[in-house]
Each structure stands twice: as structure tokens, then as C-alpha cells.
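Colleague: here are the coordinates; sequence isn't available:
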Ligand code: 4AD
Ligand code: MG
């Protein structure tokens, strides 16, 4: 391996714009900045570059005077080019920024050109979806990617502080965790050949729709665990809230009941939002300005106010009594539709935790009530994203669980590994799944899930 010469500065030591602009005083010597040109503006005897290096929303203004030898290549610098700039950070003479870079040396690292698809004007979300491979270079999509990173760190911090272990559940699976049959097949068989016994695993294999069942196994050993990984659903619903590949956070805790589960979920949402407000305020302010007027106030409120908790039965009653003209009629036993979710959030002015759903519309693993009408389920409905969280207390009684599986047409023999947790040392336990993209929609006010994913996968859309 080629070693750098002794004394050579690692690129990791290079200044990043976020740190330079946030500093109280300028570094004493020359600094090196590398990034991408957002705009060039030429005035008499001087050129100004706006450079962004991804470290934050803010650009660094670079100033190059005609008298400087570096000026000779300025005409080759167009929007989108990558550059390395060396110069002195000085107090800015212009308005709008505290510091600027007085450039003495410019190196074009990668040129751009007049065909560069991202010009200075604002582009529509639809246009940017068509060039999703370039859109992280815009202010809005750069901010979303930084927020994803910020929130991912906060998720790990939250669970770590509460004694949860980060576990890794499989992506390729032989079981349908939700029992909804919305799975993508994984196969090495040639097209047309449909003999699972001859396939790679000797049986039908799929991409996971949830890590829950495996997380339950681990919770029966580690007490408190969580997963955070990609999840796949072949729901052929082309909505603004469903992606075929999304990320889900799934905590699972032994000895938890439904109330513990709701408490955990509410405190998690509040923690993630408060951390984003604290560490990513500039990025969030962009959404407040351009996407949702009043976003920052809504987020402050999300952290401050307790979330309403109501039973599904009461929620249905509110919907029925509302007299609103819903597309789908609300009645006990119906799934809550988007318009119902929206009505409930508006009605209460914030997130609503709906619990105790009818057993007829929920999966096999949820704990059955004594009268068997409902299960110990809870969904958290939020403004902008609708259903953000789905969770439940799990059915820990072996006989009840087997009975329910059979009633739902499942084969308990295929789930012996799952049932074993109820045979030996089973405990009451609960958990939930939080859709990471839905969370980001709630956080930013962005209304289409395609715009909070770096590489969205939706029906008939798989560009990369
Ligand atoms: O409500 P769901 O289906 O619950 C489960 O998968 C449970 N196994 C979770 C658990 O208890 N461990 O999904 C959980 C959340 C939803 O509330 C939603 O936020 C998100 O995952 N989600 C989707 N997000 C984007 N695109 C989709 N197609 C989604 N389907 C679910
Ligand atoms: Mg759900």
C-alpha cells in the first residue's frame, strides 16, 4: 500500500465549511476547502463562488480577485464543478455571511458544464425525482440526507441509554412475519421454474417484511433489543406513503405490556424530534421556510405535549359522530383509512395513539383480549405521515397463539421455532415498528415518501 509521505496532511484534516462558518475566529494560516460550486458571479475585477461541501446547508463564499494568479481559471468554473480552494478565511465585506474565503489557489477537481441539470433556480420535486441520482446536491435533498443521518444516530443513542441491545435480524427469510403475503421472492431458479424444493434454500425464500419474530427470540434472551434495518413490502399500492423498500426500527422488550410499549414509543418520538431540533435546526428551518409554514412550532409541540391515547372503539365513535363525508365508512372492524387518520390528528391537534383494535384486522401474534373481540395493539397516527408506528403486546400463551394461527389458516408447524419461546421461559412482552421514512415525513413536512428516501423503490420504479 502506498503510504503518504511523512508529514503530509490527511484529507481528514481538511477544513469543512460547517466548522469554518461556525468558528468564533478565523484559523491563523491558509485553509483548504473542497466542495462543489453552486454558483459563480463575476463582478468588475473580482469573482464570487458559492461553494458547498455537504457538511451543512450553508455555502462558503469564495472571493477571487483579478490580480490573483488563481483568477486565470475562473471562467472554467461552472455550477456543479468540484474544486479545491486554498486561501485565508477573513471577515466578509459583503452582507449575508460572517466569513468568506480569500482564495489564492484553485484546483478544478472535476469540471462541470452548461448541461448540468441542477441550475440555480428552484426545481420541482417531480423533476428532481427524475434525476434522483443528482438531487442530493440540492439544498433540500442534502438536508434530508443529513437529517436521516442525525436521526439514525439519535435512535441508537435513545435505545442504548435505555439498555436495549442493537440486534441484526435476517433480510432473507423463510416466514411471513405479518401474515399478509406481501413478500418479494428470493430465488436462483431460472424464470418459469417454480419448484421451491430445487431452489437455493430448498424452500420458498423471501425478503423480510419485519424483523419482529426474530427480535422476539432475541428479547427472550437479552430482555431488551431493537433492530434498525431495511424492510421490504410488495404492496402494489402506489401511494405517497408506501415504499417497497423502507427502513424500520423495531424494539422488542420482555416483561413489557401495552402501556409500557406506548410509553416507550412516545418517548422515542419525542427524543428523536428534540435531538433533530437541537442538532439540525438549520436543516429543519429550510423545511419550515419552503415546505411547511410553521413546521418548527409544530415540532416543538410534538415534543412538549402528551399524546392522546384512545381505544379504537372510541376513535370509530368520534369518526362516526363527526358527520364528515369519508370515502370509506368508519365502523367497528374497518381499517382506519388515510382520511380517518387525518381527521383524528386534526381533531386532537397532534399525534394520537389508538389502541385495542379488533382482532379481525390484526396479525396472529397480537395478544387476544378475554372476550376475543380485540387485541392489545396500538398504532400511533401523526400529522403528515399518518400511521407512524404499529405495535402490540404479543400473545405469550401457547394454546391461544396456536389456536389463532390455525384460525388464520397458518401452519403452526412452520413456526415451531417461534412457538418454542412460548414453550420454555416465555414472558409477557411487547414491541413496535416505526417506519423511518414516515418519521422523516413527519419531521420535515415532506408529503411524498419518495422524497425522503435516497433511492426510492416503488411500483414500476427501480432506476439504480
Ligand atoms: O404496522 P406494521 O406493518 O407493523 C409491523 O411490521 C410489526 N411487525 C412491527 C412490530 O411490532 N415490530 O409496520 C410498522 C410501521 C408502520 O407503522 C409504518 O410506519 C411503516 O412500518 N411501514 C411502511 N413505511 C413505508 N412503506 C411501507 N410500505 C410501509 N409499511 C409499513
Ligand atoms: Mg400497521
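Modeller: Alright, I've got the coordinates. Here the structure is a predicted model, which means the values were calculated and not measured. Ligands and ions are numbered 1, 2, ... in the order given.
Colleague: What ranges does the protein have for its helices?
Modeller: 17-22, 125-130, 139-161, 212-222, 258-279, 281-290, 295-304, 312-322, 338-348, 398-407, 416-423, 436-444 (DSSP state H).
Colleague: And the fourth one, what does it pack against?
Modeller: In this structure, helix 212-222 makes packing contacts with strand 224-232, strand 245-254, helix 416-423, strand 429-435, judged by 3 or more CB pairs under 8 Å, 6 or more residues apart in numbering; DSSP states H and E. The C-beta positions use only the backbone N, C-alpha and C, and glycine is treated the same way.
Colleague: Let me see the contact set for the spatially closest residue to residue 320 that is not a sequence neighbour.
Modeller: With sequence-adjacent residues excluded and distances taken as CB to CB, 6 or more residues apart in numbering, residue 320 is closest to residue 330, at 5.7 Å. By CB atoms under 8 Å, 6 or more residues apart in numbering, the residues touching residue 330 are 316, 319, 320, 336, 340.
Colleague: Residue 224 too?
Modeller: 159, 162, 163, 164, 165, 251, 252, 253, 254.
Colleague: Give me the neighbour count for the first one.
Modeller: The one in question is residue 159. Residue 159 has 21 neighbours, counted by other CB atoms under 10 Å.
Colleague: try the last one
Modeller: One way to gauge burial is a neighbour count; for residue 254, by other CB under 10 Å, it gives 22.
Colleague: Isn't it up against residue 430?
Modeller: No - under the criterion of CB atoms under 8 Å, residue 254 makes no contact with residue 430, lying 9.0 Å away.
Colleague: Residue most distant from the centroid, the chain?
Modeller: What lies farthest from the middle of the chain is residue 67; by CA atoms, centre = their mean that is 48.3 Å.
Colleague: Could you check the pLDDT of the nearest residue to that residue once chain neighbours are set aside?
Modeller: Nearest non-adjacent residue to residue 67, counting by CB to CB, 6+ apart: residue 45, 7.7 Å away. The model reports residue 45 with a pLDDT of 95.
Colleague: if I pick residue 45, what's in contact with it?
Modeller: Counting by CB under 8 Å, 6+ apart, residue 45 has contacts 65, 66, 67.
Colleague: Need the per-residue pLDDT for the last one.
Modeller: The predicted structure scores residue 67 at 93 on the pLDDT scale.
Colleague: Please identify which pair of the contacts of residue 330 lies farthest apart.
Modeller: Using CB to CB, the pair of these lying farthest apart is 320 and 336, separated by 12.6 Å.
Colleague: Compare those two (neighbour count), which wins?
Modeller: More crowded of residue 320 and residue 336, by other CB under 10 Å: residue 336, with 23 against 14.
Colleague: mind listing what the more buried one touches?
Modeller: Contacts of residue 336 by CB under 8 Å, 6+ apart are 315, 330, 344, 354, 379, 381, 387.
Colleague: wait, which of the residues you listed is closest to residue 138?
Modeller: Among the contacts of residue 336, and counting by CB to CB, the member closest to residue 138 is residue 387, at 28.9 Å.
Colleague: circling back: format the helices of the chain as CSV; extra columns: mean pLDDT and distance to residue 86.
Modeller: Output for those, formatted as CSV (pLDDT from 0 to 100; distance: least, CB to CB, whole Å):
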stretch, mean pLDDT, distance to residue 86
helix 17-22, 95, 13
helix 125-130, 94, 33
helix 139-161, 98, 24
helix 212-222, 98, 51
helix 258-279, 98, 30
helix 281-290, 98, 26
helix 295-304, 98, 37
helix 312-322, 97, 62
helix 338-348, 96, 52
helix 398-407, 96, 67
helix 416-423, 97, 61
helix 436-444, 98, 36
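Colleague: Single out the most deeply packed of those.
Modeller: helix 436-444 (a mean of 25; mean count of other CB atoms under 10 Å).
Colleague: counting contacts, what elements does that helix pack onto?
Modeller: Against helix 436-444 (3+ CB pairs under 8 Å, 6+ apart) you get helix 139-161, strand 245-254, helix 258-279, helix 281-290, helix 295-304, strand 386-393.
Colleague: and that helix with strand 245-254, angle?
Modeller: Helix 436-444 runs at 100 degrees relative to strand 245-254, counting by axes from the mean of the first three to the mean of the last three CA atoms, to 10 degrees.
Colleague: what's the spacing between helix 436-444 and its chain's center?
Modeller: Offset of helix 436-444 from its chain centre (CA atoms, centre = their mean, to the nearest Å): 6 Å.
Colleague: And for stretch 271-283?
Modeller: On CA atoms, centre = their mean, the centre of stretch 271-283 falls 14 Å from the chain's centre.
Colleague: And for residue 188, the neighbour number?
Modeller: Other residues close to residue 188 by other CB under 10 Å number 10.
Colleague: Which residue is the nearest non-sequential neighbour of it?
Modeller: residue 200 (4.5 Å).
Colleague: residues near the one you found, how many?
Modeller: Neighbour tally, residue 200, other CB under 10 Å: 12.
Colleague: quick one: it from residue 269, how far?
Modeller: 40 Å (CB to CB, to the nearest Å).
Colleague: In CSV, list the helices of the chain along with distance to residue 240.
Modeller: As requested, these are exported to CSV (distance: least, CB to CB, whole Å):
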stretch, distance to residue 240
helix 17-22, 32
helix 125-130, 11
helix 139-161, 15
helix 212-222, 25
helix 258-279, 21
helix 281-290, 16
helix 295-304, 18
helix 312-322, 22
helix 338-348, 9
helix 398-407, 33
helix 416-423, 34
helix 436-444, 9
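Colleague: wait, which of these is closest to residue 87?
Modeller: helix 17-22 (10.9 Å).
Colleague: contacting residues for residue 429?
Modeller: So residue 429 contacts 216, 219, 220, 252, 253, 254, 255, 256, 393, 394, 396 (CB under 8 Å, 6+ apart).
Colleague: same question, residue 49
Modeller: 37, 39, 40, 61, 62, 64, 77, 83, 85, 103.
Colleague: Can you get me a residue count around the third one?
Modeller: What that stands for is residue 40. Count around residue 40 with other CB under 10 Å applied: 20.
Colleague: Enumerate every residue touching residue 183.
Modeller: 176, 206, 207, 209, 232, 233, 234.
Colleague: now do residue 173
Modeller: 205, 206, 207, 208.
Colleague: And the last one, how far from residue 168?
Modeller: Look at residue 208 and residue 168: by CB to CB, they are 12 Å apart.
Colleague: Mind checking which of those two has more residues around it?
Modeller: Taking neighbours as other CB under 10 Å, residue 208 and residue 168 compare with residue 208 leading, 27 against 12.
Colleague: can I assume that one is in contact with residue 171?
Modeller: Yes - counting by CB under 8 Å, residue 208 does reach residue 171; the two are 5.6 Å apart.
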